[in-house]
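>>> How does the following fold in three dimensions:
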Amino acid sequence: MDRIALAQWGVQHGHAAGKALALRANAATELRGVYEADARVRARAEADPAYAGIRWYRDPEEFLGDREIVAVAVEGRNAESLAQADACVRAGKHVWWDKPAGDDWAGFEQLAAVASAGDLVVQLGYMYRYHDGFALIARLAREGGLGDVFSVRAHMSTSIPVSAWPSNNTREAISTHAGGMLFDLGGHMLDQVLWVMRDERPARVSRFLRNDATPEVPAFADNALGVFEFARGIATVDIAAMEVAPTARRFEVYGTLGTAIMEPFEPAHELRLTLARASHGFPSGTSRVPLAGLGRQRLYELEVDGLVPAIRGESPPDRPLSHEIVVQETLLRGTGRLPD
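Numbers count the residues shown, from 1 in each chain. Model prediction:
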């Protein structure tokens, strides 16, 4: 079967080089070229082995107007990626779009409508969908193995500098977005929370957005907590910018029949599972379930594996567009960009 031809728009997202490597490693995909508007950033990327020998487009129309290019990996800065993705779907391209999906809700709704009408795949770059630990927790929760889920706790802090050109993974760069760290990383956790909760739209969202350690950037929320209330449960997502590395990233799900706790979740080597009764091949009581300890690059590769059959029409996307929509809306409610 012919390989799927893709282009990459932008190299300024923190995942850009890894996603390019994943596309180039997959036998079913062909990365035809890359476009980056910023000449200084492009010059730096040209020295990155991820882009060795790659074609550099002079203008986005070179790939947007190319019928052989059926999909685009959108890897621009968070402030520009929504406009990039919108141009792609309006050109009839499927989109693999790195998180989060901008902070303009009306613009995202319009993009989703165009994609839906054109039967286009829009897959957000939430790579933990392909993480064996998160997948097991979600399967247990969605299939009743944990009973009725009443609490989810997600902690995904990081340690990033105040500023460091040309990286956008800095407190200064992220400060342009309402919600700060919750905007930047919260989508990863909400992607999991909402999948566990079967895409139930939270009835109420509360937020605590603080600046506790970044006086140089007063507008930046470096210590953030989102509280998401469901009909019969509650979820919390907390993210800070200044946790000592290695960070203790942790995901916990509590149900009336079981508890699943994973810490750290990157890389994750085991899951602590406690069940009131045997379920899904696991005994009652507490088990230490071994996990593969997948690295970040492997997760990117698994994302591509999931994208390929969806683009080819061989199977539906691993997450429907309706899920991408509720994740984005919930994220923007959490950051205060949308009213509760």
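>>> In the stretch 101-250 of the chain, where is pLDDT below threshold?
Counting by pLDDT under 70, the stretch 101-250 of the chain contains no low-confidence residues.
>>> Now do the strands in it.
If DSSP state E, counting those that start in this stretch is used as the criterion, the strands of the stretch 101-250 of the chain fall at 122-124, 149-155, 204-210, 223-230, 233-240, 250-255.
>>> part of a strand, is Val34?
Yes: per DSSP: H, G, I helix; E, B strand; the rest coil, Val34 lies within a strand segment.
>>> Is it in contact with Val11, as I believe?
Yes: contact status for Val34 versus Val11: in contact at 6.5 Å, counting by Cβ atoms under 8 Å. Backbone N, C-alpha and C define where each C-beta goes, glycine included.
>>> And those two? Which one has more around it.
Val11 (27 against 24; other Cβ atoms under 10 Å).
>>> rewinding a little: which residues do Val34 and Val11 both contact?
Counting by Cβ atoms under 8 Å, 6 or more residues apart in numbering, the contacts common to Val34 and Val11 are Ala20, Ala45, Tyr51.
>>> got JSON lines for the residues you listed, with pLDDT and secondary structure too?
Compiled in JSON lines, the shared contacts of Val34 and Val11 are given as follows (pLDDT from 0 to 100; DSSP: H, G, I helix; E, B strand; the rest coil):
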{"residue": "Ala20", "pLDDT": "98", "secondary structure": "helix"}
{"residue": "Ala45", "pLDDT": "97", "secondary structure": "helix"}
{"residue": "Tyr51", "pLDDT": "98", "secondary structure": "helix"}
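>>> Write the ChimeraX selection for whichever of those residues are buried.
Buried members of the shared contacts of Val34 and Val11, defined by 16 or more other Cβ atoms under 10 Å, are picked up in ChimeraX with:
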select :20,45,51
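>>> residue contacts, the residue positioned nearest the centre of the chain?
Within the chain, one residue has its C-alpha closest to the average C-alpha position: by Cα atoms, centre = their mean, that is Tyr126, at 2.5 Å. If you count contacts by Cβ under 8 Å, 6+ apart, Tyr126 has them with Lys99, Gly187, His188, Asp191, Val327.
>>> Among the residues you listed, name the buried ones.
Buried residues within these, counting neighbours by 16+ other Cβ under 10 Å: Lys99, Gly187, His188, Asp191, Val327.
>>> Thought Met189 was touching the last one, still the case?
No: applying Cβ under 8 Å, one finds Val327 not in contact with Met189, separated by 9.9 Å.
>>> show me where the stretch 51-200 of the chain has helices.
When assigned using DSSP state H, counting those that start in this stretch, the helices of the stretch 51-200 of the chain occupy the ranges 61-64, 81-90, 105-117, 132-142, 171-174, 181-196.
>>> Just tell me which of the ones you listed ends up closest to Arg207.
Shortest distance between Arg207 and those, using Cβ to Cβ, is found for helix 181-196: 7.1 Å.
>>> Which strands and helices lie in contact with that closest one?
When contacts are defined as 3 or more Cβ pairs under 8 Å, 6 or more residues apart in numbering; DSSP states H and E, helix 181-196 packs onto helix 132-142, strand 149-155, helix 171-174, strand 223-230, strand 233-240, strand 250-255, helix 321-335.
>>> What residues sit buried inside the third one?
Yep, that's helix 171-174 we're talking about. With burial defined by 16+ other Cβ under 10 Å, the residues of helix 171-174 counted as buried are Arg171, Glu172, Ala173, Ile174.
>>> residues in contact with the last one?
To tie it back to what came earlier, the one meant is Ile174. When contacts are counted by Cβ under 8 Å, 6+ apart, Ile174 touches Asn78, Ile160, Asn168, Gly180, Met181, Phe183, Asp184, Phe220, Ala241.
>>> Closest to Pro317 out of these?
Asn78 (22.2 Å).
>>> so that closest one touches Leu185, yeah?
No: judged on Cβ under 8 Å, Asn78 makes no contact with Leu185 at a distance of 11.0 Å.
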